[in-house]
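Colleague: Could you work out the structure for the sequence below:
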Amino acid sequence: MTSARARGLTHGVPAEVSLQDALAAVADPVRRSILRSLAEVPEWTKACGTFDLPVAKATLSHHFGVLRAAGLIEQRDEGPRRLNRLRRPEFDAAFPGLLDLVLSHPGR
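Modeller: Coordinates of the predicted model:
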């Protein structure tokens, strides 16, 4: 059964995302940090509260929403935790090489 909180999540389909929206999603340094963190761990093992980023919780939620809308991440709730997955295969199919470039670019 899906919680009301999880039902409120919308996830973009990478194949339906415009190049402009994909570029806008990866343009922000905080979002690139999120993507790098997710690329370093197995799928569904990193909860939202475990990202060490210098932003408020509401701002972090906004960044997750942008990444979901662009089809870069998928989120699901497990108990009180919201877990994340980098949608690398799907995003790579829609935008070959873009995620490799973003993940290989150093820091901020």
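Colleague: List the buried residues in stretch 9-20.
Modeller: Leu9, His11, Gly12, Pro14, Val17 (16 or more other C-beta atoms under 10 Å). The way it works is simple: take the backbone N, C-alpha and C, and place the C-beta from them, glycine included.
Colleague: Contacts for the longest helix seen in the chain, please.
Modeller: Determined from DSSP state H, the single longest helix within the chain is helix 57-69. Contacts with helix 57-69, where a contact means C-beta atoms under 8 Å, 6 or more residues apart in numbering, come from 9-12, 17, 21, 24-25, 28, 30-31, 34-35, 48, 51, 53, 55, 73-75, 84.
Colleague: among these, which ones are buried?
Modeller: For those, a burial check counting by 16+ other C-beta under 10 Å picks out 9, 11-12, 17, 25, 30-31, 34-35, 48, 51, 73-75, 84.
Colleague: now Ala70, nearest residue through space, not along the chain?
Modeller: Spatial nearest neighbour of Ala70, excluding adjacent residues (C-beta to C-beta, 6 or more residues apart in numbering): Ala25 at 3.6 Å.
Colleague: ok, now which ones touch the closest residue to Leu86 other than its chain neighbours?
Modeller: Leaving aside its chain neighbours, Leu86 sits nearest to Leu38 (4.0 Å; criterion: C-beta to C-beta, 6+ apart). Contact analysis of Leu38 by C-beta under 8 Å, 6+ apart lists Lys46, Ile73, Asn84, Arg85, Leu86.
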